[in-house]
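1. Can you look at this prediction? I've put the sequence above it.
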Amino acid sequence: MDTTRSAALFDRARAVIPGGVNSPVRAFSSVGGTPRFIARGEGGELIDVDGNRYIDLVNSWGPLVLGHARREVRDAAVAALERGSSFGAPTSGEVELAEAIVDAVPSIEKVRLVNSGTEAGMSAVRLARGATGRAKLLKFVGHYHGHSDALLVAAGSGVATLGIPGSPGVTAGAVADTILVPWNDRAAVSAVVDEHGDDLAAILCEPVPANMNLVPPEEGFLAFLREQADRSGALLVFDEVISGFRLARGGAQELHGVTPDVTVLGKIVGGGFPLAAFGGPAALMDHLAPDGPVYQAGTLSGNPVAVAAGAAQLALLTDDVYDHLEVATRAVADGFAQALASAGLRAQVVRHRTLAGVVFADRAPTRYEDVAAADHDAYATFFHAMLEAGVYLAPSGYEVVFTSLALDEGAVATVVEAAGRAAAAVAAR
Ligand SMILES: *Cc1c(COP(=O)(O)O)cnc(C)c1O
């Protein structure tokens, strides 16, 4: 596979952009090799600057649930752009997107639009603290809620990929009120609520964690978190940046029937543009300025091009889409499992409805340490063999597989066949 042009661009990029990338995991640091510079996307495929085609199992890390350059989404964005890119004043598109979110997500009565998942998570924390008058946060080890200071501690994927626990530049003070607990550990949650319950502003989680590979909640764990939040008076915050509109239209809260106080959305909701959101019951959201005292703002928030793309994408998310995603995800996961087993590898393929992950370990992970202890060199070999075979997986063993509506049966068959060869390559190491 010729990667001359990607390699040349990566050299140029490294001279002017730290690490050559604008988000660290794109640099392939944990798997090695040359990151592919992408020229365009077509449906279920990526085409790089050297003309190589890949079946895309990343889909921009989740947002492109319909695949690349989906006509209705593109047309909506282009039409909005032709009317002007930004006004700094309210538009009808924002109302339409907000109505679509309120309609889809069970716990949301009012929603505020922002520009990234990081911003949405950070704002949700401020709202929780402002509304409760409390300071402390309970956060789970390995869950990622963006790179804001208070939440960048034991934060999974991007950070874990680089092998640094939090980050220099985050002060001890910024994380002093963040209490870390292992995922799926009821006793640990209970102990924190016993000790700090009166000071706890929020219990924060990815309801189906997908930034420490995929580690679904154990049976009843989300309902347990709801009870513990109620016991302490803390708000339950679900970060559904990945799970929202992916596990189901209404996200993990719909699938699992557990209602959070605050929901954080991103990725799919923006239709491939920089747009994210946080929302909850009206009485809670009314704590935000201008109705309330909790300040939050943004020059480009609710950007007309982004809201048009987001609304166009959400309008296409029918039950059929979720059926397709589940069938495709199951076919890929089963194909991976069979390929890895046939090669005699000790590997787990975890699947939770429309999300899946591959972990080279003896047992399915239940918490972050299980994923950290997995064989990440094996993943790197698997990743590169898949890439050579024209399948683009996430370049890190802490990430998951994101399928799209554009992943058709033929593509799934190609992926599964490639997995057979990639598993053999891992076994032959
Ligand atoms: C991607 C992600 C974020 C951060 O979103 P950005 O738009 O990258 O800032 C937050 N939470 C979760 C669960 C995510 O997967």
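-> Right, received. Where do you want to start?

2. show me the contacts for the residue in the stretch 51-200 of the chain positioned nearest to the ligand.
-> Nearest residue of the stretch 51-200 of the chain to the ligand, counting by C-beta to the nearest ligand atom: Gly117, 2.1 Å away. In short, each C-beta sits where N, CA and C put it, glycine included. With contact taken as C-beta atoms under 8 Å, 6 or more residues apart in numbering, Gly117 is in contact with His145, Gly146, Asp239, Val241, Val264, Leu265, Gly266, Lys267, Ala276.

3. what would those residues look like in TSV with secondary structure?
-> Formatted as TSV, those follow (DSSP: H, G, I helix; E, B strand; the rest coil):
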residue	secondary structure
His145	coil
Gly146	coil
Asp239	strand
Val241	coil
Val264	strand
Leu265	strand
Gly266	coil
Lys267	helix
Ala276	strand
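
4. Can I get those in TSV including pLDDT and neighbour count?
-> Output for these, formatted as TSV (pLDDT from 0 to 100; neighbours: other C-beta atoms under 10 Å):
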residue	pLDDT	neighbour count
His145	97	28
Gly146	96	22
Asp239	98	31
Val241	98	32
Val264	98	30
Leu265	99	31
Gly266	98	28
Lys267	98	26
Ala276	98	27
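
5. With distance to the ligand as new columns, can the residues you listed be given to me in a markdown table?
-> Shown next, in a markdown table, are the contacts of Gly117 (distance: C-beta to the nearest ligand atom, whole Å):
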| residue | distance to the ligand |
| --- | --- |
| His145 | 5 |
| Gly146 | 4 |
| Asp239 | 5 |
| Val241 | 3 |
| Val264 | 7 |
| Leu265 | 9 |
| Gly266 | 5 |
| Lys267 | 6 |
| Ala276 | 6 |
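
6. Return the member of those nearest to Ala124.
-> Val264 (5.1 Å; C-beta to C-beta).

7. For beta bridges, what are the partners of the closest one?
-> Beta-bridge partners for Val264, by DSSP bridges, are Asp239, Phe278.

8. where's it relative to Val114, distance?
-> To Val114, Val264 is 10 Å away according to C-beta to C-beta, to the nearest Å.

9. Give me the common contacts of the two.
-> Common neighbours of Val264 and Val114 (criterion: C-beta under 8 Å, 6+ apart): Ala120, Ala276, Ala277, Phe278.

10. The last one contacts Thr263, correct?
-> Yes. With contact defined as C-beta atoms under 8 Å, Phe278 reaches Thr263; the gap is 6.8 Å.

11. Quick check: the closest residue to the residue of the stretch 51-200 of the chain closest to the ligand other than its chain neighbours vs Val358, distance?
-> Nearest residue to Gly117 in three dimensions, chain neighbours excluded: Gly266, at 3.2 Å (C-beta to C-beta, 6 or more residues apart in numbering). Relative to Val358, Gly266 is positioned 24 Å away (C-beta to C-beta).

12. tell me the contacts of Gly271?
-> Pro63, Val73, Ala76, Ala77, Ala306, Ala309, Gly310, Ala311, Ala312, Gln313, Leu314.

13. what about 10 Å?
-> Contacts here follow C-beta atoms under 10 Å, 6 or more residues apart in numbering; on that basis Gly271 touches 63-66, 70, 72-74, 76-77, 97, 305-316.

14. Then Asp291?
-> Lys110, Ala282, Met285.

15. Give the rounded mean pLDDT of the helix or strand where Asp377 lies.
-> Taking DSSP states H and E as the definition, Asp377 sits inside helix 376-388. In this model, helix 376-388 has a mean pLDDT of 98.

16. Grab the CA positions of that helix and hand them over as CSV.
-> The C-alpha trace of helix 376-388 is given here as CSV (Å, rounded to 0.1, in the frame of the first residue of the first chain):
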residue,chain,number,x,y,z
HIS,A,376,-2.1,-3.7,23.1
ASP,A,377,0.7,-4.9,20.9
ALA,A,378,-1.6,-7.6,19.6
TYR,A,379,-4.2,-4.9,18.9
ALA,A,380,-1.5,-2.8,17.0
THR,A,381,-0.7,-5.9,14.8
PHE,A,382,-4.4,-6.5,14.2
PHE,A,383,-5.0,-2.9,13.4
HIS,A,384,-2.2,-2.7,10.8
ALA,A,385,-3.2,-6.0,9.1
MET,A,386,-6.7,-4.6,8.8
LEU,A,387,-5.5,-1.3,7.5
GLU,A,388,-3.4,-3.1,4.8
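
17. Paired strands for the next helix or strand after it, with orientation please.
-> Next helix or strand after helix 376-388 toward the C-terminus (DSSP H and E): strand 391-392. Strand pairing for strand 391-392, using DSSP bridges, gives strand 53-56 (parallel).

18. quick revisit: would you mind measuring from the residue of the stretch 51-200 of the chain closest to the ligand to Arg249?
-> Gly117 sits at a distance of 19 Å from Arg249 (criterion: C-beta to C-beta).

19. Check Thr366 too.
-> Thr366 is 28 Å from Arg249, by C-beta to C-beta.

20. These two: which has the busier surroundings?
-> Arg249 (20 against 16; other C-beta atoms under 10 Å).

21. Not counting residues beside it along the chain, what's closest to the more buried one?
-> Ala104 (4.9 Å).

22. What of Phe140?
-> Among residues not flanking Phe140 along the chain, Trp183 sits closest, at 4.6 Å (C-beta to C-beta, 6+ apart).

23. I'd assumed Leu204 was in contact with that neighbour.
-> No. Using C-beta atoms under 10 Å, Trp183 is not in contact with Leu204; the gap is 11.9 Å.

24. what about these two, which has more around it?
-> Neighbour tally, Trp183 and Leu204, criterion other C-beta under 10 Å: the higher count belongs to Leu204, 28 against 25.
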